[in-house]
Every structure is written in structure tokens, then in C-alpha cells.
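Engineer: Could you look at this predicted model? Sequence included:
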Amino acid sequence: MASPTRLMTVLPVGHRELLMGMARDVFFPQDTRIFEEGSPADRFWIIHTGTVALDLYVPGRRRVMVDTLGMGELLGWSWLFPPHEWHFGAEAFSPVRAHEFDGIAVRTLCEDDPALGFILTRSIAAILAGRLEVARAHLLDRYMLHGGPGL
């Protein structure tokens, strides 16, 4: 199986073509905030070029970067699961070109095609598991480095 972080490589050709037919190309200049933690999540992206930083707001402090994403990786999963709000923030670390997908339209497509819905949900769950481990390790490293809860 292909790397679980590369969503399009794990989808069967027919499903991949169906999803890519819904994509539109977008560009984010460097330092652009793509989305904010807690705001409505209604779309997602597959990164074509560039790097995106995922961050988490620490109350009373600042944003903490928890992961970076690059070519071929999925940006955004909160559109799939209620309450459809971003769990992290995202910022273009460099100029980014990506394929953008309407999350509502893709959810509808998944309801109409349960096989697609199953493989997409399973694939995104695998991506989430990997991302949670990366975020956990990053936050633990940061916690240990600074010797306490101050982050």
C-alpha cells in the first residue's frame, strides 16, 4: 500500500478520477493563513507544490507548529467529521499550489457511493493517526525541552 499520507495514491483509479474531476487549482502565497483553528471546515486540499505548517493555538501563549505538509499530502480533514470545524490552523510556509475540493460536495458523493465513502474515511483515518503521533511527539519534545507546561 502507498504511504497513507498521500490520499490520492491509495484511492482506486476510478475514485481518484472522480475526485480529481471535482478539484480546482488554487495558489497560496507564502505566509498566507489558509484556515484558523475553530473556524468552519468546508473544503480540503491536496498539496501540489510548497509546504504548509499546521499549528495549534496555546491559550495565553502563541501558535505552536505541530507538523508540516508537502507535495501530495492531504491538507484538511475536519470537513469530513462533525462538527466540521478546523482542529488546527494552517499557514503557507512557502508558496503553495494545491488542488482544492469542496468538502460538502465530496461528503454528498461519499453518501451516494458508499465504497468511495468507506475507502476515503479509512484513508483519512490512517492519515489522522499518523498526524496525531507527529503532533504528540512534537509537543512532548517541546514540553521536555522547556521543562514544564509553559510551552
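Structural biologist: That came through fine. Residues are numbered from 1 along each chain as shown.
Engineer: which one is Met8 nearest to, not counting chain neighbours?
Structural biologist: Nearest residue to Met8, sequence neighbours excluded (C-beta to C-beta, 6 or more residues apart in numbering): Arg16, at 5.5 Å. (Glycine included, C-beta is placed from N, CA and C.)
Engineer: Find me the pLDDT at Gly147, would you?
Structural biologist: Reported pLDDT at Gly147 in the predicted model: 57.
Engineer: Oh, that last question was meant for Gly21, not what I typed.
Structural biologist: Among the per-residue scores, Gly21 shows a pLDDT of 93.
Engineer: Ala98 too?
Structural biologist: Looking at Ala98, its pLDDT reads 96.
Engineer: same thing with Arg131?
Structural biologist: For Arg131, pLDDT reads 78.
Engineer: How about Gly60?
Structural biologist: Among the per-residue scores, Gly60 holds a pLDDT of 79.
Engineer: Fine by me, we can end here.
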